[in-house]
Every structure is written in structure tokens, then in C-alpha cells.
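Peer 1: All I have is the shape, not the residue letters:
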């Protein structure tokens, strides 16, 4: 199946070009450039466009009205969710589908670094459980917005824990706070599933993967791969 898959997050849209059952090209479009760049992508590729989003129903409707060449990824064949209440986001379900496509019947802990950091334990196309916490940039924004004097910083790597500047201390808190969080959740997941496969995806996945001494598989386009797997399942 040849197509373009679109995954709309909270601040940008990721796209992937799939040809002959494989991802051959991908990119990201920021919200402020959406109209120009998505229409250019459509002009370049005479293929079906499939769309999935974590945004509100009204925002998704506006998007589909605005870009009428896009079709929503059908609900059928998204992974099963064992939640006792609430609904898991389509991005998390797509990540489980992507992990199941790559590792088949292996239990996986999928960590997705975005506006939020999501931890999803899945196996055989089923989301079993998980955790949601704030992402790196969201933590910095919260420090700025909920205090009187802390500046708004962009997330960058921090090499030392204890810093002698306000900016350094903030960045250290985010860097090493997330690192400690990751270690804690990975260890807990390994206790429950000793043969666990840890998968990182999202903007900061490479940065944090290199800081940890675990066997980590990094796939930046896991959500797109999962959405494509769902589309292929619908076609079969």
C-alpha cells in the first residue's frame, strides 16, 4: 500500500511516505507552516493521505474540512486497550501497533517524548498499561508560567547536575529529573516483564537513550509506522 500518513500532535504534524510496505521519507511541519507545506506535499505526491490526531474532535473536523484531500485513519484495527476508565490517545495506540509490527509478540515499554512523555506497556497489538508525565519543554514552560521570575528556556542538554546559574539549575532539573524518572519506570517495568523490549520515540529520544545503560531501541517514526500498520490491517 502506497500512501502518505499524517500524525498531528499538539504543536506540529509529522508525515511519512510509505511505498512498497516501507517508510521511504518523513518530515515534520510546524503549525504556523501547515497550510503552505501540507499543500506542497499534496501537490508533490499523487497518493492517498491518511490523517490521525490527538487533538480535540472539533480541531480534527476543522483540519479535515481545510484539507479535504485527507482521510481519517479508520477506527478499526487500532490496538486493544485494557484501560478500566478513560480512553488512550491514538498516538499511544499507534505506538503499540508500531512496536507489534517490529517486535511481534514481545512485551514492549514504549516511551514517547513529546509535549507529554508517555510510557506504554504493550504486547501483541494490545495496550496493557502506562504512565503519562510532562515532557521536557512543558516542564520548562511550567516553571516560567507558574513563577514570577523564572525565564522561559528552550530545552538543551545539561552536563552537570548541580549548577551555579538559574538557567543551568532549571535545565539540570529537567534533564536529570527526566533521566531519574526514566530509570525508575524502566526498572519497574523490567520487574514485571524481565524480557521487556524498551523502545524510545519522539523528539528527545536520542538524547535520553544515550544517557541510560539499558538496551534501548530508538525509532523516531514509530507512530507513523504504527498508523501505517493499522491501515494495512484495514486493507487485508
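Peer 2: Cool, the structure landed. These numbers come from a predicted model, not from an experiment.
Peer 1: Shouldn't residue 87 be within a helix?
Peer 2: No: Residue 87 is assigned coil when assessed by DSSP: H, G, I helix; E, B strand; the rest coil, not a helix.
Peer 1: Next, it: phi, psi?
Peer 2: phi -130, psi 140 (degrees, to the nearest 10).
Peer 1: and if you look at residue 74?
Peer 2: According to degrees, to the nearest 10, residue 74 has phi -60, psi 150.
Peer 1: Just give me the longest helix of the protein.
Peer 2: Ranked by residue count, the top helix of the chain under DSSP state H comes out as helix 166-192.
Peer 1: Regarding the spatially most central residue of the chain, what is its secondary structure?
Peer 2: For the chain, the residue nearest the mean C-alpha position is residue 112 (4.3 Å; CA atoms, centre = their mean). Under the three-state scheme (three-state DSSP), residue 112 adopts strand.
Peer 1: go on, residue 194?
Peer 2: coil.
Peer 1: again with residue 23
Peer 2: Assignment for residue 23 (three-state DSSP): strand.
Peer 1: Walk me through the domains of this protein.
Peer 2: Split into domains by automatic domain parsing, the chain comes to 1-72, 74-236.
Peer 1: any idea how far the shortest one is from the chain center?
Peer 2: Meaning domain 1-72. Relative to the chain's own centre, domain 1-72 is displaced by 15 Å; criterion: CA atoms, centre = their mean, to the nearest Å.
Peer 1: average model confidence for that domain?
Peer 2: The average pLDDT within domain 1-72 is 96.
Peer 1: what about the residue lying closest to residue 66 once chain neighbours are set aside, is that helix, strand or coil?
Peer 2: Leaving aside its sequence neighbours, residue 66 sits nearest to residue 35 (CB to CB, 6 or more residues apart in numbering; 7.6 Å). Using the backbone N, CA and C atoms, a C-beta is placed for each residue, glycine as well. The three-state assignment at residue 35 reads helix, by three-state DSSP.
Peer 1: Okay, strands next: where are they in this protein?
Peer 2: 3-8, 12-19, 22-30, 49-53, 70-72, 80-81, 108-113, 116-123, 126-134, 197-202, 216-218 (DSSP state E).
Peer 1: Could you check how far the residue of the chain positioned farthest from its centre is from residue 117?
Peer 2: No residue in the chain sits farther from the centre than residue 164, which is 33.4 Å out by CA atoms, centre = their mean. Applying CB to CB, to the nearest Å, the value for residue 164 to residue 117 is 28 Å.
Peer 1: Please apply the same query to residue 25.
Peer 2: 27 Å.
Peer 1: higher neighbour count, those two?
Peer 2: residue 117 (23 against 11; other CB atoms under 10 Å).
Peer 1: Surely the more buried one and residue 132 touch.
Peer 2: Yes: contact criterion CB atoms under 8 Å: residue 117 and residue 132 qualify, at 7.4 Å.
Peer 1: Any idea how many residues pack against residue 46?
Peer 2: Using other CB under 10 Å, the number of residues around residue 46 comes to 7.
Peer 1: what's it sitting at in phi/psi?
Peer 2: Dihedral angles (degrees, to the nearest 10) for residue 46: phi -90, psi 70.
Peer 1: What of residue 68?
Peer 2: phi -70, psi -10.
Peer 1: number of nearby residues for it?
Peer 2: 8.
Peer 1: ok, back up a step: any idea of the mean pLDDT in the longest helix of the chain?
Peer 2: On average, helix 166-192 scores 97.
Peer 1: quick one, that helix and strand 116-123 angle?
Peer 2: 10 degrees (axes from the mean of the first three to the mean of the last three CA atoms, to 10 degrees).
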